[in-house]
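Asks: Dropping the sequence and predicted coords here.
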Amino acid sequence: MVTSTRIVRTTGVDPWRNLAVEEYLLNNVEKGQCILYLWQNQNTVVIGKNQNAWRECRTDLLEKEGGKLARRLSGGGAVFHDLGNLNFTFLMNREDYDLEKQVTVILKAVNKAGIHAEMTGRNDLTVDGKKFSGNAFCFRKSNAYHHGTILVKADMDKLSKYLQVSREKIVSKGIESVQSRVTNLVEYNGQLTIDQMATLLMEAFAEIYGGSSEYSDGAELIENQAIKELYEKYSSWEWRYGQTPKFDIEMTQRFAWGGIEIGMQLKNGIIEKAAVYSDALDETFIEMLPEILEGCSFQSTALAHKLRALEVQETRREMIEDIAGWLEEKGF
């Protein structure tokens, strides 16, 4: 049960530092506490934990024009951040995690701005069927977070310029472009600003969680050694891009829960090295897959059998069956 609340709103716009602060708060949130973290990034593409950077973003163009690529802890897809976008994160102990309650804070804040919004699909908040907020989640052994974007007045041209949406995703969702399915809240309230949106969020947070929240601008976190070390991780080439070796076999498919890309290196008919990229929200499940595939013979029936033999929680059974069925159909 949440008995204390805290609000942290940082003023810096460096995505690597903001993500470092987010992970620090995740590691240090107290039991019975809920933290609302508000933050902004300038000219940034943030990809999900298990995504292939080069497939999701026009990285050369982004960096040439002074932008930054960042990789977050959570799963899900790539998003563009600029100063017309406000990011939020709810951090708490897993026992206190309540997605409906957390989403209600966002929806109530948007309603306070005179805009009717709702949650649709697996992780989107929408107005008139158009997304203004994509949400993603991270679960650790004890703590968890739920974070997302709020597009207030984002540059939609840059959003389309830097993000690369796969044809499979476009076909599966029946969409024409990135721009066609997202919207800014200023389209529905022309006077709305980022500061006003932040204030409405803090008001809604207090109303739903009760009591008065300790407020911080994050200044006390700047010299924190743990955050400095996390910054080194988030800013590193290894974390942001990772290694993308040349694979003998590459396969892609899109399911209702997200897209998947599997790369495999073979030796004597055995999968010696595997990598799996995905925008699935369940980032932990995706991280399990390479180890399962490695060492298996490169036969669709053998791979499908090994996947189906896994003991997994019910929420992952559909994903297992989708992947196994897809591999069987390929018939290699």
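Replies: Happy to help now that I have it.
Asks: Find the nearest non-adjacent residue to residue 299, please.
Replies: residue 332 (6.8 Å; C-beta to C-beta, 6 or more residues apart in numbering). Glycine gets a C-beta too; all of them are placed from N, C-alpha and C.
Asks: again with residue 20
Replies: Distances taken as C-beta to C-beta, 6+ apart put residue 230 closest to residue 20, at 3.7 Å, once the chain neighbours are dropped.
Asks: Tell me the helices and strands packed up against the one helix or strand the one you found maps to.
Replies: Element membership for residue 230 (DSSP states H and E) is helix 225-235. The criterion is 3 or more C-beta pairs under 8 Å, 6 or more residues apart in numbering; DSSP states H and E, and the helices and strands that helix 225-235 contacts are helix 15-28.
Asks: Check which element follows the helix it packs on along the chain.
Replies: Next helix or strand after helix 15-28 toward the C-terminus (DSSP H and E): strand 33-39.
Asks: how distant is that following strand from the center of its chain?
Replies: Here strand 33-39 shows a centroid-to-chain-centroid distance of 17 Å under the convention C-alpha atoms, centre = their mean, to the nearest Å.
Asks: Just the C-alphas of that strand, formatted as CSV.
Replies: Output of strand 33-39 as CSV, limited to C-alpha atoms (Å, rounded to 0.1, in the frame of the first residue of the first chain):
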residue,chain,number,x,y,z
GLN,A,33,6.4,4.9,-1.7
CYS,A,34,5.3,6.0,-5.2
ILE,A,35,7.5,8.4,-7.1
LEU,A,36,6.3,10.5,-10.1
TYR,A,37,9.3,11.5,-12.2
LEU,A,38,8.8,14.2,-14.9
TRP,A,39,11.5,14.8,-17.5
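Asks: Note down every partner strand of it and its orientation.
Replies: In the sheet, strand 33-39 lines up against strand 4-9 (parallel), strand 85-93 (antiparallel) (DSSP bridges).
Asks: Any idea which of those gets closest to residue 123?
Replies: If you check each of these against residue 123 by C-beta to C-beta, strand 85-93 wins as the nearest, at 13.6 Å.
Asks: Identify all contacting residues around the closest one.
Replies: For strand 85-93, the surrounding residues in contact (C-beta atoms under 8 Å, 6 or more residues apart in numbering) are 2, 18, 22, 25-26, 29-41, 81, 102, 105-106, 142-152, 154, 194, 197-198, 201.
Asks: ok, then the element right after that strand?
Replies: Counting by DSSP H and E, what follows strand 85-93 is helix 99-112.
Asks: Just the CA trace of that next one, in PDB.
Replies: Output of helix 99-112 as PDB, limited to C-alpha atoms (Å, rounded to 0.1, in the frame of the first residue of the first chain):
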ATOM      1  CA  LEU A  99      -1.400   0.100 -13.900                       C
ATOM      2  CA  GLU A 100      -5.000   1.200 -13.800                       C
ATOM      3  CA  LYS A 101      -4.400   3.700 -11.000                       C
ATOM      4  CA  GLN A 102      -1.200   5.000 -12.800                       C
ATOM      5  CA  VAL A 103      -3.000   5.500 -16.100                       C
ATOM      6  CA  THR A 104      -5.800   7.200 -14.400                       C
ATOM      7  CA  VAL A 105      -3.400   9.900 -13.200                       C
ATOM      8  CA  ILE A 106      -2.500  10.700 -16.900                       C
ATOM      9  CA  LEU A 107      -6.000  10.600 -18.100                       C
ATOM     10  CA  LYS A 108      -7.300  12.800 -15.300                       C
ATOM     11  CA  ALA A 109      -4.600  15.300 -16.000                       C
ATOM     12  CA  VAL A 110      -5.500  15.400 -19.700                       C
ATOM     13  CA  ASN A 111      -9.200  15.700 -18.800                       C
ATOM     14  CA  LYS A 112      -8.300  18.700 -16.600                       C
END
